[in-house]
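>>> Sequence plus predicted model, see below.
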Amino acid sequence: MKTTVTYREIWYIAFPIILGSVAQNLLNVTDTAFLGRVGTIALGAGAIGGIFYFSAVMLAWGFGVGMQIIIARRRGENKMSEIGQTFQHGFYFQVPLALSLFSIMQFFAKDILKHVIDSQDVYLSTIEFIRFRSYGVFFAGINMLFRGFYVGIARTKVITYTTAIMASVNILLDYLLIFGKFGFPEMGIAGAALASVIAEFTAMMFFIFYTLFKIDGRIFHLYTRWPFDKGLYDRMIKLSLPVMFQNFLSLASWLVFFLFVEKLGEQALAVSNIIRSFYIVLMIPMWGFASATNTLVSGLIGQGRGEEVLSLVMKIVSISFLMVFILVALGLLFPGLAIRIYTNDPILMKASLPAFYIISLAALILAMAFIFFNGVSGTGKTQVSFAIEIVVIVLYLGFTYLVAEYLRLPVHLVWTAELIYAFLLGFLSYLYLRGGHWKSAKV
């Protein structure tokens, strides 16, 4: 059945998240751009350290997405009081999770990474980065709860404001702390990590004050003292755990990818960090539309309009593809300019071009695949999306091992693994949505 959800409604939810993602990814772009001026070692270590940190944070992100799906479903069912109850119960999980992740990064990162990073210089710089960056997990976890709440109730403008503030703080502090400007200490890669932590803290404080002064908590019963509800808590965990682990595995697989690349040499690692940064820019529209997909699909099912889901997903796919196509076209028209953002080293620029073209194609496929995949999780069948992710990642890493570790082919051919990942993710997700077995999902 053709959906009655309009492009305007999709855009209303997705656009603020896209703007927020632009600001969020300025952190990645500016960190890479500044570290590219520090040196090849810092650029490579920033890549591994950053992915290591975000692999951990993806667990918090996944729980936020699970909470978002439940909140969107309650909104569709017009059960507003249960939204505040769900939001409060989110804290009962995120705070212990943050403590656990911080402890792992502080006390076990050295032992984990010393066995898998060949270059001693890259290893030492990576550990220095993680030592500072790990403090951000406390603020990131709280930010994920607020993000899940606002996307779930379809009021996403605050995400734009929050991430714009976070990006501005990060850019300023990157400049001051990496290079030691205006009397600040010259901290190098540690300065990039500390800048990001302070930026995440700033974002958390903005979320808190915005919620206090701009949201009528009575509507959602945000400030009601809800007793601990084990049934609700268990449901949240049951729904969220597959999303948490699929997000963790997705980022962890990228960490493994970079560890394979690191064995091809420091230049290959530096090139891959540049390519990763540009690839993430191409993903910005996908994240906005993916969040909209989760919210709208869950809301439709809550309203008893499950027959519109596939039509809605196809509509979002078309917008996502168009947006990414525009970014890809601009990149292909000015490839040298795009790469120069991250480095002014002519050797690195030349070495980056072949992989640049490959991920441009991969992004077009992923623009469709990511929406289908989030359509699956939006139905509440998060265990199915987790299973799809596992299958795809196993094949993705198997191919990466073959070309990087076994055949030791040039780094741009290693990046063809992204084509395989995008195609399989989209194909398997589309088949499941088409089959309709999700229609009985309860959250």
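Right, received. Where do you want to start?

>>> how close does Ala417 sit to Ile41?
25 Å (C-beta to C-beta, to the nearest Å). For every residue, glycine as well, the C-beta is placed using N, CA and C.

>>> burial count for the nearest residue to Tyr396 once chain neighbours are set aside?
If the residues on either side of it in the chain are set aside, Tyr396 comes closest to Tyr421, at 4.5 Å by C-beta to C-beta, 6 or more residues apart in numbering. Neighbours of Tyr421 under the rule other C-beta atoms under 10 Å: 26.

>>> does Tyr421 really touch Val392, like I thought?
Yes: contact criterion C-beta atoms under 8 Å: Tyr421 and Val392 qualify, at 5.9 Å.

>>> any weak-confidence spans in the stretch 1-150 of the chain?
For the stretch 1-150 of the chain, the stretches with pLDDT under 70 are 1, 3, 17, 19-29, 32, 36.

>>> helix, strand or coil for Ser429?
Secondary structure, DSSP: H, G, I helix; E, B strand; the rest coil: Ser429 is helix.

>>> That one and Ser385: what is the separation?
Counting by C-beta to C-beta, the separation of Ser429 from Ser385 is 7 Å.

>>> any common contacting residues for those two?
Shared contacts of Ser429 and Ser385, defined by C-beta atoms under 8 Å, 6 or more residues apart in numbering, are found at 373, 376.

>>> who has more neighbours, Ala417 and Ile41?
Ala417 (24 against 20).

>>> Next, find the distance separating the more buried one from Tyr279.
From Ala417 to Tyr279 the distance is 12 Å (C-beta to C-beta).

>>> tell me what the host helix or strand of Ser196 is packed against?
Element membership of Ser196, judged by DSSP states H and E, is helix 189-214. Contacts defined by 3 or more C-beta pairs under 8 Å, 6 or more residues apart in numbering; DSSP states H and E place helix 189-214 against helix 7-38, helix 40-76, helix 120-133, helix 136-152, helix 157-179.

>>> buried sites along stretch 402-421?
403-404, 411-412, 414-421 (16 or more other C-beta atoms under 10 Å).

>>> let me redo that: stretch 137-157
Those would be 137-154, 156-157, for stretch 137-157 by 16+ other C-beta under 10 Å.

>>> again with stretch 384-404
Applying a neighbour-count criterion of 16+ other C-beta under 10 Å, the buried positions in stretch 384-404 are 384-389, 392-393, 396-397, 399-401, 403-404.

>>> can you check stretch 107-127 too?
109, 113, 117, 119, 122-127.

>>> Compute the first-to-last residue distance for that stretch.
Stretch 107-127 has its terminal residues 11 Å apart, counting by C-alpha to C-alpha, to the nearest Å.

>>> which residues sit against that stretch?
For stretch 107-127, using C-beta under 8 Å, 6+ apart, the contacting residues are 41-42, 44-46, 48-49, 52, 130, 134, 189, 259, 262-263, 266, 269.

>>> Give me the distance between it and the centre of its chain.
Taking C-alpha atoms, centre = their mean, to the nearest Å, one finds the center of stretch 107-127 at 24 Å from the center of the full chain.

>>> again, but for stretch 186-194
That offset, for stretch 186-194, works out to 22 Å (C-alpha atoms, centre = their mean).

>>> Also stretch 31-45?
Distance of stretch 31-45 from its chain centroid, counting by C-alpha atoms, centre = their mean, is 21 Å.

>>> Pull out the buried positions in that stretch.
For stretch 31-45, by 16+ other C-beta under 10 Å, it's 31-36, 38-45.

>>> which residues touch the residue nearest to Val411 when sequence neighbours are not counted?
Spatially, and ignoring its direct neighbours in sequence, Val411 is nearest to Ala268 (4.2 Å; C-beta to C-beta, 6+ apart). Contact partners of Ala268, counting by C-beta under 8 Å, 6+ apart, are 261-262, 411.

>>> List phi and psi for the residue sitting furthest away from the middle of the chain.
Centroid-distance maximum for the chain: Gly183 at 34.2 Å, with C-alpha atoms, centre = their mean. Per-residue torsions, Gly183: phi 90, psi 0 (degrees, to the nearest 10).

>>> And it, how far from Val197?
Using C-beta to C-beta, Gly183 is found at 20 Å from Val197.

>>> Could you do Leu176 as well?
Distance from Leu176 to Val197, by C-beta to C-beta: 14 Å.

>>> looking at the contacts of stretch 107-127, which has the most residues close by?
Top of the contacts of stretch 107-127 by neighbour count (other C-beta under 10 Å): Ala45, with 33 neighbours.

>>> pretty sure that residue is touching Ala192, no?
No: Ala45 lies out of contact with Ala192 (C-beta under 8 Å); the separation is 9.9 Å.

>>> what sits in contact with each of these two?
Overlap of the contact sets of Ala45 and Ala192 (by C-beta under 8 Å, 6+ apart) consists of Phe129.

>>> can you put the buried residues of stretch 31-45 in TSV and add distance to Tyr342?
Shown next, in TSV, are the buried residues of stretch 31-45 (distance: C-beta to C-beta, whole Å):
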residue	distance to Tyr342
Asp31	10
Thr32	5
Ala33	5
Phe34	10
Leu35	9
Gly36	5
Val38	12
Gly39	13
Thr40	12
Ile41	15
Ala42	12
Leu43	8
Gly44	13
Ala45	15
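
>>> Can you tell me which helices and strands the strand or helix carrying Gln383 packs against?
Assigned by DSSP H and E, Gln383 belongs to helix 382-400. Other elements packing on helix 382-400 under the criterion 3+ C-beta pairs under 8 Å, 6+ apart are helix 230-262, helix 346-378, helix 417-435.

>>> Restricting to C-alpha, output that helix in PDB.
The C-alpha atoms that make up helix 382-400 are tabulated as PDB, following Å, rounded to 0.1, in the frame of the first residue of the first chain:
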ATOM      1  CA  THR A 382      16.400  -5.700  15.900                       C
ATOM      2  CA  GLN A 383      17.600  -9.300  16.200                       C
ATOM      3  CA  VAL A 384      17.200  -9.700  12.500                       C
ATOM      4  CA  SER A 385      19.100  -6.500  11.600                       C
ATOM      5  CA  PHE A 386      21.900  -7.800  14.000                       C
ATOM      6  CA  ALA A 387      22.000 -11.100  12.100                       C
ATOM      7  CA  ILE A 388      22.200  -9.300   8.800                       C
ATOM      8  CA  GLU A 389      25.100  -7.200  10.100                       C
ATOM      9  CA  ILE A 390      27.000 -10.300  11.300                       C
ATOM     10  CA  VAL A 391      26.700 -12.000   7.900                       C
ATOM     11  CA  VAL A 392      27.800  -8.900   6.000                       C
ATOM     12  CA  ILE A 393      30.700  -8.200   8.300                       C
ATOM     13  CA  VAL A 394      32.100 -11.700   8.200                       C
ATOM     14  CA  LEU A 395      32.200 -11.500   4.400                       C
ATOM     15  CA  TYR A 396      33.500  -8.000   4.500                       C
ATOM     16  CA  LEU A 397      36.400  -8.800   6.800                       C
ATOM     17  CA  GLY A 398      37.100 -12.000   4.900                       C
ATOM     18  CA  PHE A 399      37.500 -10.100   1.700                       C
ATOM     19  CA  THR A 400      39.600  -7.400   3.400                       C
END
